[in-house]
Each structure stands twice: as structure tokens, then as C-alpha cells.
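Asks: Sequence and predicted structure are below.
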Amino acid sequence: MPASAAVEAPVYPPIQLYIDGAWTDGSGSRREPVYDPATGEVVGEVPVAEAADLDAALAAADRGWRAWRDTGVEARSAILARAADLLRERAGQIGPVMTLESGKPLREATGEVQRAAFQLDWNIEEGRRAYGRIIPTGPDEMLSVVHQGVGPVAAFTAWNFPIGGPMRKIAAALAAGCSIVIKASEEVPATAVALVRAFHDAGLPAGVLNLVFGVPAEISTHLIASPITRFVAFTGSIPVGKHLAGLAAQRMLPTIMELGGHAPVIVCPDVDPAAAARSCVRGKFVNAGQVCTSPSRFFVHEDIHDAFTDAFVTAAEQLVVGNGLDAGVQMGPLSSQRRRQAVAGLVADATNLGARVATGGTALAGPGWFYAPTVLTDVPAQARVLREEPFGPIAPILRYADLDEALAQANSLPYGLAAYCFTHRADLAARLTRELEAGILSVNHVGGSVPQAPSGGFKESGHGREGGYEGLADYLETKRISHKLAI
């Protein structure tokens, strides 16, 4: 369903690096363009950090960490809480800028700002509760365990959640008493600038948080090789994650790797197929399917396959697609022409092998990088869309007769980030939650990540967790202290 014409876009702000508590254009002259995915037009440019800028950010992070770790938890928490309040106050201004550079609907963008503030709230409270313990021993000795921030963090985030992605790393690092140098995405830099500005305006000491943009390989190599860096956190593709983990391994640095997925959905015959389909559509087309936990392989029991597919197609065709700044838009464009070409290539490969397009399957006419919500049926096993993370608005629906068969196919890939299942039978729910190989599992809904619970993957989808107490724990070192009370 088409949307109305795009409304006037907000003024795109100037983009700068943030190093040692100050905004800077950087030491070099290289710049990269920033595009509006809804029009394909250039809206701004982002400075590329040079080696001198990265060295300055690392030195600042080293100084900032030493000051921040020695700041009392109450003082730290007050600054972070003020930053969360500023984000809430500014959500109405940040949201449209995020939509302009990412394409996601304004409601999603503004909601992402609010959720980022809640992410910070959660980590503030977890930072207050990074408890150690006293271990019983003899009367002349005190044996204890304490948890301390690991030190300066090098973090790298993707473009699909312009504020939520960076905040998951910044919030945990700062709440744990660490400093951080974060390379946010060059495709959505203005949102990252707005996020960092909230911390700056809240009074965060210089050097504790540093923001850089530039050539990913240059920045990751430089930051990870530095003796200042103590921890690496990355969200992105599996190949890049493996590369960065290899760089970190050369220095024995601990890492969090939140990598790609190809989430299976198993729909059992005891559920209402139309209700399950509507739930799946709501989850599938969030951010135009550009979510690593997006449901992307739908295994539906043969008894309800046709009814589920019909309801899914109807709901997909009712989605309002258009410029995310328009009221009522439910799905925006893909992030880039490159991404749209990748999606089109997956659809072409599947149809060439015999898959049927139930709806969509085409780029939408007009400016911007729009692609229609697409449903594929009769997809052969060798189709790339069943093996490669689609990261777009494609939903292949597959028929199964036996649950053993469905589970085998669901678990057959090296991915293990998210999985979904629909059943009202307790025995089936117990089996599915036990046997589906994924770090995030949703039953009878297609939900997103929440700050109070851990998110992360099995197998090649990564290691470590973000969210919950597990997310903070990764940013803490454990120290055992044995204290003889007398010599």
C-alpha cells in the first residue's frame, strides 16, 4: 500500500568527531557522503578519522578511564541519569534526523530513542549492583572477590539501529566504570552525534566517551592493536566479526561479538494460522527486515500452511510503504542501493530455481531505495535466501509435515542468534525451546530485545551477551583478594 508524498525533511546537522570532550572536524580532509535512503540524495558528509585522531581518542580514553573508575558510583550514576533524561527530552528532535539518514519510519525512530534511554537506565542500576562477595575463611584472613571495569573499550556498531546499537555498548561500558572509543556507522552519523551530545551536555568528564567515524578496516586495526584498548565490542556481520576477533586474539583481548542471524520460525498446527501470520508480519518488516534477529525462514505445518500464507500475504500487502517522515508509514526504504541490489539478487536466485512470488518481488518505482514486502513460496532448498541472511523484506514460507524435519532444517545453518515458534501445546513448547539452537527464543510472538534480559547468539552468531546482568558482566574484570589481617 503506497504512502502519501514525503513531508519536508528536517535540517541535517553538521557531523564532527568527539574526542577528549571536544567536537572536532578531525586532522584530515577526507569526507564521505551521507544519503537519505528515501530519495537517494546526499544530505551531508561525515569526516574520516585519521591515525592522529585515533591516537588522540585512545590517549583521551586512557585518561578518562582512570578518572571515571575513581569516580564514586553515585556521581557516575547521576551524570548518566541526566544523559538519559536529555535523550527523552530530545526524542522528538532526534527521531526525524534518524529517519532522514536511516529511512526507518518516524514512529520506529522516536521509539528507538526512548528505548535507548531505558537501556541507559537499566545499566545505571546494574552498575550500582556490581556486587562482589566475602568468602568465609580463617579468623586472620579476609578473602573477597571484587568486580572492576575492564578498562578502555573499542566498540564498533552497525547502521540498522543508529542509537540503540551504540547505546547498548556505551551504557554497559560507562556503568561498569570503563571509558570507550566508539566507531559508529558512517551511514547514520547524525544520530550517533546526538547521542554523544546528550552525554556531553550531562557533564560526562572529558575522555570517557569518544566518537569516531571513518574507514572501518583502518579504525578497527588501529584501535585493537593499541595497548590502551582492553576490550572489544562489535555488532555486525559474521565475516567482519571473525576478522576483528582474530585481531583481538593477537592481544588476548576479551570480546563481545553480536553477529548475523537467519532466524527460523516454526508454526505448529494447533495455532490460529491467521493470528500467527499477522504476528509474524509485524516482526518481519520492522526496519524493512534489516534486523539481525528478524524472522527470515518460516516453517509452517502442512495442515495450516495455505491459510497462514494467505493471511501473511494479505497483511504484507496492507503495509504502508513510503518515506518514514510521513504519517502512517509502516515500512521505509532499504538503507542503500547496495542493500536493495542484494535483496533483489536473492529474490531472482530463488525464482530462477522455481520459487513462486506470492506478493512483492520488485523494487518500487520512484526515487529512493524501496523494495516491496515480498513473500516467497515453494522455495527450493538450494536457494540462497534459505542459506544467506537476507537482511531485507523477504519472507520465504516453507511447508513441513514432521516436527523433526522442521527442527533439523531450522538448526541446519551455522547461525544461532534468534528463533521463534508458535504453539499452545505445552509439550511442543517445551521441546522447541529445548532444541532450537538460538540465544534468543520467542514463543507465540515475534519480540525484540529488551535491556533487562541478555541478547546474543549461539554458533557463528557470536559470543557474549548484551543486556541483563550478563551484559554488564562482560565489561567487568573479576579480582580475588586474599588479605591477611596480621603479618
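Replies: Alright, I've got the coordinates. Residues are numbered from 1 along each chain as shown.
Asks: contacts and neighbour counts: CA atoms only from here.
Replies: Will do.
Asks: From residue 342, how far out is residue 156?
Replies: 23 Å (Cα to Cα, to the nearest Å).
Asks: try residue 92
Replies: Distance, residue 92 to residue 342, by Cα to Cα: 33 Å.
Asks: repeat for residue 104
Replies: Distance, residue 104 to residue 342, by Cα to Cα: 19 Å.
Asks: Domains in this structure, by residue range?
Replies: Domain assignment of the chain by automatic domain parsing yields the ranges 17-259+461-480, 263-450.
Asks: so where's the protein uncertain?
Replies: Scanning the chain for pLDDT under 70 picks out the ranges 1-7.
Asks: I'd guessed residue 340 sits against residue 370; true?
Replies: Yes: between residue 340 and residue 370 there is a contact under Cα atoms under 8 Å: 7.4 Å.
Asks: who's more crowded, those two?
Replies: residue 370 (28 against 20; other Cα atoms under 10 Å).
Asks: Now for the closest residue to that one other than its chain neighbours: which residues touch it?
Replies: In this structure, residue 370 finds its nearest non-sequential neighbour in residue 333, 4.2 Å apart by Cα to Cα, 6 or more residues apart in numbering. By Cα atoms under 8 Å, 6 or more residues apart in numbering, the contact list for residue 333 reads 37, 38, 103, 104, 288, 321, 322, 323, 368, 369, 370, 371.
Asks: Tell me which of those residues fall in helices.
Replies: The helices, defined by DSSP state H, take in nothing from the contacts of residue 333.
Asks: Am I right that residue 58 sits in a helix?
Replies: Yes: Residue 58: assigned to a helix according to DSSP: H, G, I helix; E, B strand; the rest coil.
Asks: What number of residues are in the vicinity of it?
Replies: Residue 58 has 28 nearby residues by other Cα under 10 Å.
Asks: Find the nearest non-adjacent residue to it, please.
Replies: With Cα to Cα, 6+ apart, the residue lying closest to residue 58 is residue 228, at 6.6 Å.
Asks: what about the one you found, how many neighbours?
Replies: Summarising burial for residue 228: neighbours were counted as other Cα under 10 Å, giving 17.
Asks: which ones are touching it?
Replies: 58, 59, 62, 152 are the contacts of residue 228 under Cα under 8 Å, 6+ apart.
Asks: ok so, going back, what about residue 104 and residue 342, which has more around it?
Replies: Between residue 104 and residue 342, counting by other Cα under 10 Å, residue 104 is the more crowded of the two (33 against 15).
Asks: My understanding was that the more buried one contacts residue 287; is that so?
Replies: Yes: between residue 104 and residue 287 there is a contact under Cα under 8 Å: 5.6 Å.
Asks: which residues do those two both contact?
Replies: Common neighbours of residue 104 and residue 287 (Cα under 8 Å, 6+ apart) are 331, 332.
Asks: residues shared between the contacts of residue 340 and residue 370?
Replies: What both residue 340 and residue 370 touch, as defined by Cα under 8 Å, 6+ apart, is the set 334, 363.
Asks: before we move on, the earlier item: mind giving me the ChimeraX select for the contacts of residue 333, buried ones only?
Replies: Buried members of the contacts of residue 333, defined by 16 or more other Cα atoms under 10 Å, are picked up in ChimeraX with:
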select :37,38,103,104,288,321,322,323,368,369,370,371
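Asks: out of the contacts of residue 333, who's nearest residue 486?
Replies: Within those, distances to residue 486 taken as Cα to Cα reach their minimum at residue 104, with 63.8 Å.
Asks: if I look at the closest one, how far off is residue 137?
Replies: Distance from residue 104 to residue 137, by Cα to Cα: 57 Å.
Asks: quick revisit: pipe the contacts of residue 228 into CSV and attach distance to residue 32 per row.
Replies: Listed next are the contacts of residue 228 as CSV, based on distance: Cα to Cα, whole Å:
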residue, distance to residue 32
58, 23
59, 25
62, 28
152, 27
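Asks: Of those - the most surrounded one?
Replies: Using other Cα under 10 Å as the neighbour criterion, residue 152 leads the contacts of residue 228 with 31 neighbours.
Asks: Residues in contact with the helix or strand encompassing residue 280: which ones?
Replies: Remark: residue 280 resides in helix 273-284, with elements defined by DSSP states H and E. Identification of contacts with helix 273-284 by Cα under 8 Å, 6+ apart yields 267, 294-296, 304-305, 307-309, 311-312, 315-316, 393, 395, 422, 444-447.
Asks: Just the buried residues of those.
Replies: Listed as buried from the contacts of helix 273-284 are 267, 294-296, 304-305, 308-309, 311-312, 315-316, 393, 395, 422, 444-447; burial here means 16+ other Cα under 10 Å.
Asks: need the strands for the stretch 251-400 of the chain, in chain order.
Replies: 255-258, 263-267, 295-301, 356-359, 374-377, 394-400 (DSSP state E, counting those that start in this stretch).
Asks: tell me the most buried of the ones you listed?
Replies: Highest mean neighbour count of the strands of the stretch 251-400 of the chain: strand 263-267, a mean of 28 (counted as mean count of other Cα atoms under 10 Å).
Asks: just the angle between that strand and strand 394-400, please?
Replies: Interaxial angle, strand 263-267 versus strand 394-400 (axes from the mean of the first three to the mean of the last three Cα atoms, to 10 degrees): 40 degrees.
Asks: what sits up against strand 263-267?
Replies: 276, 293-301, 406, 410, 415-423.
Asks: again, 7 Å this time
Replies: Residues outside strand 263-267 that contact it (Cα atoms under 7 Å, 6 or more residues apart in numbering): 293-301, 410, 417-423.
Asks: what residues does the strand or helix carrying residue 481 touch?
Replies: Secondary structure from DSSP H and E places residue 481 in strand 476-484. Applying Cα under 7 Å, 6+ apart, the external contacts of strand 476-484 come out as 140, 141, 142, 143, 144, 145, 146, 147, 148, 149, 150, 176.
Asks: Give me the buried subset of those.
Replies: For these, buried by 16+ other Cα under 10 Å: 144, 147, 148, 149, 150, 176.
Asks: What about these, which are in strands?
Replies: Among the buried ones among the contacts of strand 476-484, the residues falling in strands (DSSP state E) are 144, 147, 148, 149.
Asks: Just put those residues in JSON lines and tack on distance to residue 252.
Replies: Shown next, in JSON lines, are those (distance: Cα to Cα, whole Å):
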{"residue": "144", "distance to residue 252": "26"}
{"residue": "147", "distance to residue 252": "19"}
{"residue": "148", "distance to residue 252": "18"}
{"residue": "149", "distance to residue 252": "17"}
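Asks: Of the residues you listed, just say which sits nearest to residue 211.
Replies: When these are compared for distance to residue 211 (Cα to Cα), residue 149 wins out at 19.7 Å.
Asks: which ones are touching that closest one?
Replies: Neighbours of residue 149 in contact, by Cα under 7 Å, 6+ apart: 176, 177, 178, 475, 476, 477.
Asks: Would you mind measuring from the closest residue to residue 259 other than its chain neighbours to residue 237?
Replies: Computed as Cα to Cα, 6+ apart, the closest residue to residue 259 that is not its neighbour in sequence is residue 461, at 4.7 Å. Distance from residue 461 to residue 237, counting by Cα to Cα: 9 Å.
Asks: what do you get for residue 483?
Replies: Residue 483 sits 46 Å away from residue 237 when distances are taken as Cα to Cα.
Asks: So which of those two has more stuff around it?
Replies: Just comparing residue 483 and residue 237: by other Cα under 10 Å the higher neighbour count belongs to residue 237, 18 against 11.
Asks: Surely the more buried one and residue 261 touch.
Replies: No: between residue 237 and residue 261 there is no contact, the gap being 8.9 Å when judged by Cα atoms under 7 Å.
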